[in-house]
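**Student:** Structure of the sequence below:
(2 chains)
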Amino acid sequence: MSEQPRPRIAVVVFPGSNDDGDAVLAFESLGAEAFPVWHAEPELPSVDAVALPGGFSYGDYLRCGAIARFAPVMSGVTRFAGEGGLVLGICNGFQVLCEAGLLPGTLRPNASLSFVCRDVELAVERADTPFMTRCEPGQLLTMPIKHGEGCYFADDELLGELEANGQVVLRYAQNPNGSVDDIAGVVSRDGNVFGLMPHPEHAVDPLLGPTGGALVLGSLVDAARERALTPA
Amino acid sequence: MKATVLVRPKPGILDPQGEAVQSSLRHLGFAVEEARVGRVVDLELEGRSPEDARAELERMCEQLLANPLIESYEISVADA
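**Tutor:** Residues are numbered from 1 along each chain as shown, chains lettered A, B, ... in the order given. The predicted structure follows:
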């Protein structure tokens, strides 16, 4: 294991991000070389994957994620995703990817209007994406959620498309926020961009609770390593 | 030139904020059947014709001020 090369994973830090440190630690513990990249960087460094962390980028002004997508580094992230690069968005990162048009749908205030902070069970819908290869379809993963605006929304037409293309990757076993069809995580049409509201980076160390997140982030580390070994 | 953009949750879209406002208003004794909460953006634009301003405001709404998936918008430009 220690012989394996460590893929390079950038964790973008926006003003107001607050889960970037945990994301770096989680990726490092799973065998990656992870490092923060400040939002104002004009270019994305050469990496094997990018993660947008949780938090409240730019104070969630206007709508969650709406301003962060204009961060200088985001043009590099968009280009990277367009070239098939692996991009993961967690919580606020998911909201940013939706606002940036890299993922379909949008996140709205929780139906309860309450901030929800607790562990949830998630059913794996698809294991054949680069973010889920360590999982099995139907498997239940436990990880925490902590958000006020995690209610996933897509209109009927878009929802039909998502289901037809198999873009729904994770569903809540018990819907905590009013998300349409219990959706907790979706991939892009090409499968290389993934966003989810739950926090895998907070669920990797058995000392601190459930470890369902290690399977998701570990899958991404595997996929990033594979890409590092086979340059385009 | 002054302009105002009114952003609203689209009809049929669940508006939990509006529901909370409606229930609070009822609590105060007001017979309110429904409340929907949107957003107002007042803008001061650099000088141009109202037509140009309107076209530009449309683009502002599409690109940033509203999320077309869940929100509708209404633009008004002050004639000056």
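
**Student:** out of everything not next to it in sequence, what's closest to residue 61?
**Tutor:** By default, I'm working from chain A. Using CB to CB, 6 or more residues apart in numbering or on different chains and skipping residues adjacent in sequence, the residue nearest residue A:61 is residue A:67, 5.4 Å away. All C-beta spots, glycine's among them, are computed from the backbone N, C-alpha and C.

**Student:** Correction: the question concerned chain B.
**Tutor:** Once flanking residues are discounted, residue B:61 sits nearest to residue B:73: 4.5 Å by CB to CB, 6+ apart.

**Student:** I figured the one you found hits residue B:63, correct?
**Tutor:** No: with contact defined as CB atoms under 8 Å, residue B:73 does not count as touching residue B:63 (11.7 Å).

**Student:** of these two, who's got more company?
**Tutor:** residue B:73 (20 against 10; other CB atoms under 10 Å in any protein chain shown).

**Student:** which SSE is that one in?
**Tutor:** Using DSSP states H and E, residue B:73 maps to strand B:71-77.

**Student:** so who does residue A:91 touch?
**Tutor:** Applying CB atoms under 8 Å, 6 or more residues apart in numbering or on different chains to residue A:91 gives the contacts A:19, A:53-55, A:145-147, A:150, A:196-199.

**Student:** separation between it and residue B:24?
**Tutor:** Residue A:91 sits 29 Å away from residue B:24, taking CB to CB, to the nearest Å as the criterion.

**Student:** about what we covered before: joint contacts of residue B:73 and residue B:63?
**Tutor:** Counting by CB under 8 Å, 6+ apart, residue B:73 and residue B:63 have no shared contacts at all.

**Student:** What residues are bridge-paired with the residue nearest to the spatial centre of chain A?
**Tutor:** In chain A, the C-alpha nearest the mean C-alpha coordinate belongs to residue A:89, at 2.8 Å (CA atoms, centre = their mean). On the basis of DSSP bridges, residue A:89 is bridged to residue A:52, residue A:195.

**Student:** what about it, distance to residue A:11?
**Tutor:** Counting by CB to CB, the gap from residue A:89 to residue A:11 is 11 Å.

**Student:** any residues in contact with both of those two?
**Tutor:** residue A:51.

**Student:** pretty sure residue A:127 is touching residue A:133, no?
**Tutor:** Yes: using CB under 8 Å, residue A:127 is in contact with residue A:133, at 6.4 Å.

**Student:** Look through chain A and state the residue closest to chain B.
**Tutor:** Residue of chain A nearest chain B, by CB to the nearest CB: residue A:113 (4.8 Å).

**Student:** In this structure that residue contacts residue B:20, no?
**Tutor:** Yes: between residue A:113 and residue B:20 there is a contact at 5.7 Å, judged by CB under 8 Å.

**Student:** if we can go back for a sec, please give me every residue in contact with the residue nearest to residue B:61.
**Tutor:** By CB under 8 Å, 6+ apart, residue B:73 lies in contact with B:5-8, B:61, B:65-66.
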